[in-house]
Structures are given as structure tokens and as C-alpha cells.
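Asks: coords please:
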Amino acid sequence: MYSASTDKQAPPPDAGKYIRLGIVAIIGIVIFTLVGNQAVILSMNFNEFGDQFSKPLYYTLISTLILSAISLVRVNIAGRSSIFWYGISTAIGFLGRSGQQPISSNIQSFRDYKLTPAQFVIWQITKIFLFGAFFANIMFGFAAMSFIDGNYLGIENLPNLFSLPFVTPDTDPAYAADKVVPMIPALVILIPPILAAIGMRLVLYVGLHRIINVITSYLQDSNDGKPRYLNYVSTIEGILGIGVLWAGFNLFFTDQIDYNTRYVIGGTLVIGSALIAFSIVDRIRARVLTHMFKRDVYIRFLTIIAIAIIVLGVVSVNNSIADAKKIEFLGPYTAQQIGVNRYLGELTNVQENIHDVKLTSVSPNNINNYVKQNSDVLDVIRVWDWEAAFAKLKPEIGLIPYVDFEDNDILRFNNTLYWTASMKPILPTSVSLENRWYNEHLVYTHVPDGFLTLEATSGQIVDSSEFFQQREIYYGEGGLFEQTWSAYPNSRGSNSAELGGASYAGTGGLDISPPLSWIFEPNFLLSFPAESVHIMRYKDVNERMETLYPYFLYDLFGRELDSLPVTDGENSYWLIPLIIGFDTGDVPWSVGNPYLRLVGYALVDSYNGDIQLLKTGNDFFSEMFASQYSEQFEPMPAWLEEQIRYPVELFNWKTEMYNIYHVTNVETFIQANQFYEIPRGLDTYYVEAKPPGFEQTEFLGLLSLELKGSQGRNLAGYMVVENDLTNLGNLQFYEVPLNSTTKLIGPTAVREALDRDPEFAQLKTLLRNPRIGDNILYRVGAHDIYFIPVYTAGAGGVVAQLGTIAAVGAAFNGEYFVGLGDTQEKAFEAYLKKVSGVAPAITTPDSDYVELDRVDRIDVIRSVFKENGITIAEPTSIQIPLSFNEGSMFFFTENDRESTEKFIDKFIDNFVKPRSDRVFMWEEGNDLNIGTVYVKDEVPEMHYISIEVGS
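Replies: Predicted coordinates:
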């Protein structure tokens, strides 16, 4: 029966409630998945790597506890204040206040806010868990444990630091060696994190706490109608005073100390002390007074300004005097800079040799015999450079779409140099998106034949299996190794999805079973719901090393460290240098140069991913690391003695340090007229060579050096580094005396000599735009010779062929000598014939020539147009229907400048000025083209000249 009660409908379901629950559930699942995934990865790392993974975590935890405790943990249980909980309490008060109440009534005084003793203690512990990750510093934790074990890292010498700015040292670098060097370990690894932690504590508990206290006290006092301004000012003065004192204290930890440092430190400390004194006086007076007298404000400002003016005045006077008495004022400190940086760069270990450059002729009757006598050097000349080797090896990949080159390194096997190209797996572009996951993780797991080898002297491609019996790479560099992981189900049996039907049988990776495999990769929930899966992660060797040994540098100066493939005859490995690096911002007189050392090497198995550590260093960190990781180190294997190579990055850095700090005379250093530099575009060459003093050819790194700022660009000498294990890292510098009558020409002059040689000019035309290879300096008998290969195809070509070899004499006394030949022996023989007078030398520049580098030559050309009021446009491409070359010439030395300028002036007068005030400039190979556009019969024409400026 109808009634009002029966007419009521049931309330509609609360859809919003279910939606909210669904959202919460989704968020919960996502959080569980993310946390669960990270927990599984952490568990997998512990199971797969054991101590290799847990030790870095242990040192990170130690640093977190120590540094966060210094920064965050409070012991003032009587005060029991907390910014965090005070902020929460105040926020809750704001939420609960009525709209009629003033804001200040809901803000309680920070000074009166206190936690209970139990809350205070618990909060100090909780802060470490909440914020400790921000203080993680693995190197500090490592050093802290070493310190606890009794290695004090020279910290007992730190008191000497505070006397350095106030003592004028001798002009003997030994002072720094005695006072500074012993404390460097502490200053680079222990002290900086502690100073940063103390600074953070001062910011929080002296700065922020006090400022909040002042603000809340002001609000409360204003609410009561009794603001105490003098009390607030005294607190702010105290904060500023402590801050300035802390800044003054940090000035002792500086990388530069000179004759003004003592005054800057003293003035800073005096200002800080004055502010503290004013704070104490004002705090006492605040018991009676509420405001500061205007007179007191003037006194405070004038005091600080007076101190600052006095300090600035003294500094200015000292600088003015030092301009005239640089040696007396700056000399003692420059000497210490030299001493500290020679230690940082290990330059005292560089053997310095005087290289007496001579141009000696060989009797024509003895030339053939002389060539045979020096066959030990001539037989190992590196004829094939990186680009040529790369171009010749590239076709060996053929049409394989799933591998690509990663790197090409010069290696030594059986006293012969080889270019060895290593490869990486890539995903073919033909793989569709829906098949990408399957192919990335289950198919393209490795490189089947990962190494290609080319003999660096003959250019013959060698079967890599002669050296690398194990050529399958499962752990390598780049490509899919870097991008992802690989896996296979343990139930696969003989049916493998891996590339080429390969079935991995090594020890790399680990097995994980459901449900952990589902959390690691959700696809496994449906694909292999009840099967365990073998997972291989960290397959990029640099990432693997960085995960397990994060103490070392794997990128240096913006580039990834060079890892070399090596082999013991059965297994293949990656040889990764272990370089440690520290900032020296707290080391006096370091002027910011880093502390770099080679601790040793890691051998990473390319098939299994196992890591062996090899120690070669003897510095403080090497000893610390060896003591903490003694179980991980293996004896240096005998088979590695010939294949090991000193890191090119460290050799280059030491050479750069030597360029400046080989000068030990203070006056010469300040005058800066004997510094060296590496010629522009020149790289380190690893070669088999026999410099003066070597009894037989050895595997060396070679880097030529010029006198910095010199117009002539002749060589000041060259640096070599030995790679044999017994002498690994030994540096020798061969210095050409500045007053030597015979010069050692540099790379630019060598190219000039070759380009101007008539015989080569004729050959160059026949070869049709050949590519000039590396110009490497060798010592053959008593002759310094550049051997330069000339190729008929560049790196972009399918096939690289050797057109000729040039032997260019490096010793220069006014005449160039160039020999060409099909082999290095014939080229050297042709060179000897020209030196002895059997064949004409022909190429003879003026004795007073000044060589210009390529940039200088282009600047000269630009200046001619600028002087004529003509602007230069540099289009990215030129597309003109008709082009006319109105002339060409070469421009290499200062002697060519006048003729070049006349050539350009003639072009301007005949083709540019009558019609335009703009020209176009573009480059083609070694030529610089400059042209102007005519429009004739509505057809644009480009009229241009070509000036060869070299490469």
C-alpha cells in the first residue's frame, strides 16, 4: 500500500568514496611496487656481490652518522628546543585559530618552547634517520674508519696550518714540503667534510635558531606592548660576530697564501671579535634599556668600517710595493706554490735530460748499413693511425646490424703494436616497438666476436683469436651494456633465445625466483610465473666498477677513462685504471690543482664480470685502500706485464703540471717566460721507440711540448712515460736548450715542410686529396725524425690505403729535409740521402722565418678585409650556379704574409670593391675560400680565391 514511508528511495551509493579508496589503493600499490623493487635490487646486490657491495654502504653509513651528528644532534637538554617541532606546533595553532584573533596571539615564543626530555632525545636520533642521507660522504667514512684504526693521516701536523699566514717563508720550496705536505691527507679527505658539517651546525643552531627566537620574541613583546629592541640587536650582533669569526677561521684553510693573507685574516677576526664584544655589552645594557642610542649605532658602524679601511689600505699599499718588488714580496710564497704543486704532480720523480739536437750526415756509402743498424726502431714505426685503422677495420663488421664500434685502442702483444677495436651490442633499427623488450633483455645479450685487431705498422688485419681466445663479450662498454640488463629462464635447457643460439654458461649474474622475480620485472609474472630467472646486471664495466668501488674516478676532465681490453691467453678482461682524486681547496699554495694518484688497476672479466684488483700505487690512499680491501687484491699477473699501459689521462695531467712547475727558479716563474704547452690538436702517442738513453725499444707514451707563447712554435722538448711494469709511470723529459743553434721543429712546421716539398706536392696531385696521418717524433740512431703516413682514403672511406710515408727531419738549422718512400725504411733512406747531399733538399726557408699556426694565419687574412672596410659572412653552405676560381696560393709562415696580403688586396680591388662591401668565407679541407657574388644576366656568379692554410 502506498504511504509516505514506502515512497522514500534508498540513498544512492557514495561513488566518491569508492573512487577515493581506489586512488588510495593505486597509490599504495605503486608505492609498494617501487619500494619492493628497490628492496629486491638491494637484496640482489647483497647476494651477488657480498662485501664488494656492502663495504661502500658501510663507509657511507659511518660518514652519515658522524657528519649528521656533528651538524644536527644537540646536547643542550636543558634548552630542548626544536625548529621542526616548533614549526609544526605553530602551524597547528594557525589552523585552529579563529578569524578574529591576531596572528601574533597564535605564535608562542620560541624561547619558551621545549620538548620533553624523552621527546628531545628521540628527536635527536630521528633526525639522523630523516636527514642523514644528505650528509653521506663515502670518502670521509672510509678515512674515518682508517683514522679509528690508527692512521691519523697527518692530522697531528694541523697546528702548523695556523702559523703559515703569519710567517714569511724562505724562497726554498722545501719549507712547503716540510710544513704543508705532511698534512695534505687530512686536508683533502678529513677536514673539508668536518668544516662543512660544523658550518651547517652554526647556520642552524646559531643563525636560524637565534633569528627565529628574535622574531617570535619581538612578536610576543609587541603584543604585550614592550618590544626590547636592544636585546634583539645584541642577538643579531652575536650571530654576525660568530659568522664573521667562522669565516675568518676558514681563511686558514685556503689554497693561496701571500703577503696580504695575514692582514685579511687578522682584520676578519678583529671585526668578528668586535661584533661579539658589542653583543655582550648590549646584552648587559638591555637589562635596563630598550633602545640603542644613535651614538652607539655610529660607534659600531664606524668601528667595522675603520677596521675594513685599515685592512684594505694595508693590502693596497702592499700590492703597490709588490709591483716594484715582486721577487721580495711574492717570491717566498711563489716558492711554496712551486713546492706544493710539484708534490701534487709528483714532478720530483720526472727525470730531466738535456737533448742535444744535431743534424748529422751519414756517408753515402754507409746509408744502407745505417738503415739496417737501426732496424729495431724502423721495424716498429707506427704507420697506421687511429682513423686509418678504424676505416680499415670497419668493413670487418660487414652487414651485421646488431653490433657497433665502441673504442679503438693501441695495445702491445709480443713487442708489436696493434689497434684493437672493441664492440658493443646495439638494437637493430628494424626491431618493432612491441618486440623491443624481448630483444633487449633476452636476445641481444652480448657481442659474439667482440674484438678486431690490426697490426699498427704493417696495417694487416690479424685474426683476433690469436690473442683473444675468449671473444664473447657479456660485460663491456656502451650500447645495450650501458642501457639495460639481460636475462634467461633457468628452465630453457638447450633452447636459447640469445643471439646466434648462444647459451651463457658463466658465473655472472644471479638466479632469482618468484615472487622476487615478479617484483624485479613485472613481465616475469606472466612470462615465467613459476620459474627462476637468471639476471645479469651492471654489464657496462664502468657502471659496474662505480657501483662496487665508488671511491675512484671513472670520468676525468669531462671524459670517460680509457679502458683497455687485455687477455691472459684464455680469458679476456677490461683493464680499468683506479685513479683517486681529491679537491685541494683547503691545501695552502695548491692554487686549486687537484690531488690525483694511480692506486692500481681493476681486471674485469668480459665473460663473467668478475673483478680483480691490482695495486701499483704507494701514496697514503693506496695504503689505506689496500689495508681495507686486502682480500680483494691479487698479485700482478706476469702476462699483464707487456699489456699494461699507464693511463693517458694521468700522463696528460702530469705533463700539464710539468709545463708550469718545471720552473723552480722563483724569478723565472714570476716572469712566466719559460712555461711549456702542448701544441694545439696534439694527442699522446703510444709507440714503440728508443729515445736517447734507452738501450732497446720500449712501449712509451710520447707528448711533444712547445714554449708557451713562442712565435716560432719549435719544440721545447718532449715527455715520455714508460709502460713496462717495472718502470710503470716513470716520466722522462728531453729538454732542448733555449740557446741551441739547431732547433727541434714542431708539428706545424713539419706539415709545412711536407707541404712545400716538391716531390710530395707532385705525389699529392696524383693521390687526389690524400689524408695526412699522425706526425710522430722518433729517434732513429742520431736523428730526430717525424714519420708521417699519407693515406689515399680518410676515415669516412670504405677502404684506407697507404699512399706513401714521409720521413721529415725534426732537427732544423735553416733547411728542411724530407724523404718519401713506400716503407718507413725507404723513407728514412731517402731522408739520409738528402742530408748527406746525395739528393737535393730543395725546401729551404729563410733563416729568420717565424712560423704561424692555422688560427694566426686565418686572423691575418681576416685583418686584411677588415682594414679595407669589408665584412665577412660565413655561410654554412654555398649553392651558386656558377663559380669561378680567380687564383690560389698557400700561407704558412711569416715570410708568406706579404705575398698573401698583396694577393688579397688584388682580389679586393678587382672583384670586391667595385660592387660590394661584403665577402663570403668557407673552408674546404685545408683551403680557405673567400668569394664575392656577381649577378650577370640575372644569373648569380661566385668569384673566389683559395688560400691553403693547412689543417
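
Asks: Only C-alpha atoms from now on, for both contacts and neighbour counts.
Replies: OK.

Asks: For Gly821, give me the backbone phi and psi.
Replies: Backbone torsions of Gly821, given as degrees, to the nearest 10, read phi -170, psi 160.

Asks: Just give the number of residues close to it.
Replies: When counting by other CA atoms under 10 Å, one arrives at 18 neighbours for Gly821.

Asks: Could you look up the SS state of the closest residue to it other than its chain neighbours?
Replies: Nearest non-adjacent residue to Gly821, counting by CA to CA, 6 or more residues apart in numbering: Ala827, 4.1 Å away. What DSSP: H, G, I helix; E, B strand; the rest coil gives for Ala827 is helix.

Asks: Roughly how far does Ala827 sit from Pro515?
Replies: For Ala827, the distance to Pro515 equals 70 Å [CA to CA, to the nearest Å].

Asks: quick one: which of the two has more around it?
Replies: Ala827 (22 against 15).

Asks: residue contacts, the residue lying closest to His446 once chain neighbours are set aside?
Replies: The shortest distance from His446 to any non-neighbouring residue, by CA to CA, 6+ apart, is to Tyr474 (4.7 Å). Shown in contact with Tyr474 (CA atoms under 8 Å, 6 or more residues apart in numbering): Thr445, His446, Val447, Phe481, Lys539, Ser606, Tyr607, Asn608, Gly609.

Asks: what pLDDT does the most centrally placed residue in the chain get?
Replies: What sits nearest the mean C-alpha location of the chain, by CA atoms, centre = their mean, is Phe557, with 1.6 Å. For Phe557, the pLDDT comes out at 87.

Asks: what do you get for Ala839?
Replies: At Ala839, the model reports a pLDDT of 62.

Asks: where exactly do the strands run in the stretch 651-800 of the chain?
Replies: 676-677, 685-689, 698-707, 715-722, 731-735, 743-744, 771-772, 776-780, 783-791 (DSSP state E, counting those that start in this stretch).

Asks: The fifth one pairs with which strands, and in what direction?
Replies: Strand 731-735 sits in its sheet next to strand 351-354 (parallel), strand 715-722 (antiparallel), going by DSSP bridges.

Asks: where does the residue nearest to Thr507 when sequence neighbours are not counted land in three-state SS?
Replies: Distance criterion CA to CA, 6+ apart; nearest residue to Thr507, sequence neighbours excluded, is Asn608 at 5.4 Å. At Asn608 the chain is in coil, as set by three-state DSSP.

Asks: Quick check, Asn608 in contact with Tyr475.
Replies: Yes. Judged on CA atoms under 8 Å, Asn608 makes contact with Tyr475 at a distance of 7.3 Å.

Asks: more crowded one of those two?
Replies: Set Asn608 next to Tyr475 and count neighbours by other CA under 10 Å: Tyr475 wins out with 30 against 21.

Asks: List the contacts of that one.
Replies: Counting by CA under 8 Å, 6+ apart, Tyr475 touches His446, Phe481, Lys539, Asp540, Val541, Asp605, Ser606, Tyr607, Asn608, Gly609.

Asks: Which one of these is nearest to Asp937?
Replies: Distance to Asp937 across those (CA to CA) is lowest for Phe481, with 61.3 Å.

Asks: doesn't the closest one fall inside a helix?
Replies: Yes. Applying three-state DSSP, one finds Phe481 inside a helix.

Asks: With Val75 as the reference, name the closest of the strands of the stretch 651-800 of the chain.
Replies: When these are compared for distance to Val75 using CA to CA, the nearest one is strand 731-735, at 54.2 Å.

Asks: what's the spacing between the closest one and its chain's center?
Replies: The chain centroid and the centroid of strand 731-735 are separated by 25 Å, computed with CA atoms, centre = their mean, to the nearest Å.

Asks: So which residues make contact with that strand?
Replies: 349-355, 716-722.

Asks: Among the residues you listed, name the buried ones.
Replies: Buried subset of those (neighbour count, 16 or more other CA atoms under 10 Å): Val350, His355, Ala716, Gly717, Tyr718, Met719, Val720, Val721, Glu722.

Asks: now for the residues you listed, which pair is the farthest apart?
Replies: Ala716 and Glu722 (20.2 Å).

Asks: Point out where the stretch 351-500 of the chain drops to low pLDDT.
Replies: Along the stretch 351-500 of the chain, the model assigns pLDDT under 70 to no residue.

Asks: which residue ranges form the helices in it?
Replies: 367-373, 375-378, 386-393, 436-438, 479-483 (DSSP state H, counting those that start in this stretch).

Asks: Could you list every helix and strand in contact with the second one?
Replies: The contact analysis (3 or more CA pairs under 8 Å, 6 or more residues apart in numbering; DSSP states H and E) places helix 375-378 against helix 824-836.

Asks: Does anything pack onto the helix it packs on? Which helices or strands?
Replies: Applying 3+ CA pairs under 8 Å, 6+ apart, we find helix 824-836 packed against helix 367-373, helix 375-378, strand 802-809, strand 818-821.

Asks: Walk me through which strands the last one pairs with, and which way each runs.
Replies: Taking DSSP bridges as the criterion, strand 818-821 pairs within the sheet with strand 802-809 (antiparallel).

Asks: now the strand it pairs with and helix 386-393, what's the angle there?
Replies: Counting by axes from the mean of the first three to the mean of the last three CA atoms, to 10 degrees, strand 802-809 lies at 160 degrees to helix 386-393.

Asks: Please identify the pairing partners of the following helix or strand past strand 802-809 and their relative orientation?
Replies: Using DSSP states H and E, the helix or strand that follows strand 802-809 in sequence is strand 811-812. Partners of strand 811-812 in the sheet, by DSSP bridges, are strand 743-744 (antiparallel).

Asks: pLDDT-wise, which helix or strand of the protein ranks last?
Replies: For the chain, using mean pLDDT, DSSP states H and E, the weakest element among its helices and strands is helix 4-7, scoring a mean of 49.

Asks: if we can go back for a sec, ok, the residue nearest to Thr507 - contacts?
Replies: Applying CA under 8 Å, 6+ apart to Asn608 gives the contacts Tyr474, Tyr475, Gly506, Thr507, Gly508.

Asks: now the residues you listed as CSV including distance to Leu702?
Replies: Below are the contacts of Asn608 laid out as CSV (distance: CA to CA, whole Å):
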residue, distance to Leu702
Tyr474, 34
Tyr475, 31
Gly506, 40
Thr507, 40
Gly508, 38
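
Asks: follow-up on the earlier one: same list, the strands of the stretch 651-800 of the chain, but as CSV with mean pLDDT and distance to Tyr263 please.
Replies: Shown next, in CSV, are these (pLDDT from 0 to 100; distance: least, CA to CA, whole Å):
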stretch, mean pLDDT, distance to Tyr263
strand 676-677, 92, 35
strand 685-689, 94, 49
strand 698-707, 93, 37
strand 715-722, 94, 41
strand 731-735, 96, 41
strand 743-744, 90, 48
strand 771-772, 88, 58
strand 776-780, 93, 52
strand 783-791, 93, 54
